[in-house]
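>>> just to be clear, the model below is a prediction. Sequence and coordinates:
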Amino acid sequence: MIDTNRLAAWMDEQGLPGKGAPLEAKFLSGGTQNEIYRLRRDDFTCVIRIPPAGAPADRDNGIMREWRIIQALDGTDVPHTTAVAACSDTAVLGRSFYLMGFVDGWSPMDHRDGWPAPFDTDLEARAGLAYQLAEGIALLSKVEWKAKGLHDLGRPDGFHDRQVDRWTRFFERIKRREIDGMDVATKWLQNHRPLDYIPGLMHGDYQFANVMFEHGAPAKLAALVDWEMGTVGDPKLDLAWMVQGWPEDMNSPDAAEASYVDLRGMPNRAQLVEHYAKVSGRQVDDLDYYLVLAKWKLAVVLEQGYQRAGDDVKLQSFGPVVENLMRSAAELAESTEYSS
């Protein structure tokens, strides 16, 4: 739990609203990496994001990295939470933390059993959720990251070289089984790196789980959230990460099972990609490369969870998912028109 007395004193030092008034903290969400609390003080409301006491030490650096991104988004067209204040002095609350504006909206993660009204029955309105999702990263890709002081956030030079090499080494460290298709997909990725890579700001784990929407219709993004994987890299990997499992027939029963949310009634992959290209101004002719990379990388990431599953039924379920993803990556690599 947050030490509200120490936090209130620090907030007073920063000149934030509500000086002298009691500070209330309500836990919203969190896990092993971060915790989020809503803070209220008189009429002032914001949110604190802070690693729990037991989180790895490097999460303090990660929190400040997230803060830099949120600050950089101020003044851009990207829907985002407002940057309020940050603290790297662990003497205050034991960990680094930052405060951001409270978003009056809703998260798809809170509606896994069905979309909220009117998106539960109005399929035309539901389609807007997907287009807005695609638009979020399209706008993000247009941020002038150097002008925003993010020149040292990532290492864009050699980004694609490092993606394959880094995650291959990671897999070798955790490897306990062979995964069908991995050798094929890995070799293909090594031989088909993009020729016109344009660096940009990327989210790193872009999906419905990491955005919030404003209440009501038409669909409108309220904020992109959870910047743990944010970096300067290739924004088209965000796009591929978003659509790698997106079905083509959006009215089929498969669309209801392709994700943790019901995708029926939404635009298909081609329509989403077209919208991204229109808003971002980036060409998407080589999207197959990014789809192979997204499937391959996600398979490696989930394999770690599967290897640690033990008696955890959810993590055990990653096993066949990893196999399907890697097989799909290899099949796409072999079938794409520039696979020679």
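Yep, it's here.
>>> quick check: next helix or strand after the helix or strand containing residue 254?
Taking DSSP states H and E as the criterion, residue 254 maps to helix 253-257. The first helix or strand that comes after helix 253-257 along the chain, using DSSP H and E, is helix 269-280.
>>> mind giving me the domain split of the protein?
4-102, 109-335 (automatic domain parsing).
>>> now mean neighbour count and mean pLDDT too, for these, in TSV please.
For the C-beta atoms, the positions are set from N, CA and C on the backbone; glycine is no exception. Formatted as TSV, the domains of the chain follow (neighbours: other CB atoms under 10 Å; pLDDT from 0 to 100):
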stretch	mean neighbour count	mean pLDDT
domain 4-102	17	95
domain 109-335	18	93
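>>> is residue 15 in a helix, a strand, or coil?
coil (DSSP: H, G, I helix; E, B strand; the rest coil).
>>> now do residue 124 against residue 254, distance only.
Distance of residue 124 to residue 254, computed by CB to CB, to the nearest Å: 21 Å.
>>> what of residue 21?
Distance, residue 21 to residue 254, using CB to CB: 53 Å.
>>> what's the longest helix along the chain in contact with?
Longest helix in the chain by number of residues, with DSSP state H as the criterion: helix 287-307. Contacts to helix 287-307, defined as CB atoms under 8 Å, 6 or more residues apart in numbering, come from residues 160, 163-164, 167, 170-171, 174, 176, 179, 182, 185-186, 188-189, 192-194, 234, 236-237, 239-241, 243-244, 273, 315-316, 318-319, 321-322, 325-326, 328-329, 332-333, 336, 338.
>>> and residue 117, helix, strand or coil?
Judged by three-state DSSP, the three-state class of residue 117 is coil.
>>> can you show me the strands along the stretch 1-150 of the chain?
Along the stretch 1-150 of the chain, the segments classed as strands by DSSP state E, counting those that start in this stretch run 24-30, 35-41, 44-50, 83-87, 97-101, 105-106.
>>> distance to residue 12 added to these, as TSV?
TSV is the format used below for the strands of the stretch 1-150 of the chain (distance: least, CB to CB, whole Å):
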stretch	distance to residue 12
strand 24-30	16
strand 35-41	10
strand 44-50	12
strand 83-87	11
strand 97-101	13
strand 105-106	29
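>>> for residue 227, find the nearest of those.
Smallest distance to residue 227 across those (CB to CB): 9.3 Å, for strand 44-50.
>>> extract the C-alpha trace of the closest one and format it as CSV.
The C-alpha coordinates for strand 44-50 follow below in CSV (Å, rounded to 0.1, in the frame of the first residue of the first chain):
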residue,chain,number,x,y,z
PHE,A,44,-7.5,17.0,-7.8
THR,A,45,-7.4,13.4,-9.2
CYS,A,46,-4.4,11.6,-10.8
VAL,A,47,-2.9,8.2,-11.0
ILE,A,48,0.4,6.9,-9.6
ARG,A,49,2.4,4.1,-11.3
ILE,A,50,5.0,2.5,-9.1
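>>> can you start the count at 21 instead of 1 from here on
Renumbered: residue one is now 21, and that last one reads strand 64-70.
>>> what's the helix or strand for the most centrally placed residue in the chain?
In the chain, the residue lying closest to the centroid (CA atoms, centre = their mean) is residue 225, at 2.8 Å. For residue 225, there is no host helix or strand (DSSP H and E).
>>> how close does the residue nearest to it when sequence neighbours are not counted sit to residue 125?
Distances taken as CB to CB, 6 or more residues apart in numbering place residue 249 nearest to residue 225, at 4.7 Å, with adjacent residues excluded. From residue 249 across to residue 125, the span is 22 Å (CB to CB).
>>> ditto for residue 334
Noted for residue 334: a distance of 27 Å to residue 125, by CB to CB.
>>> can you check residue 327 too?
36 Å.
>>> before we move on, what about residue 49?
Distance from residue 49 to residue 125, by CB to CB: 14 Å.
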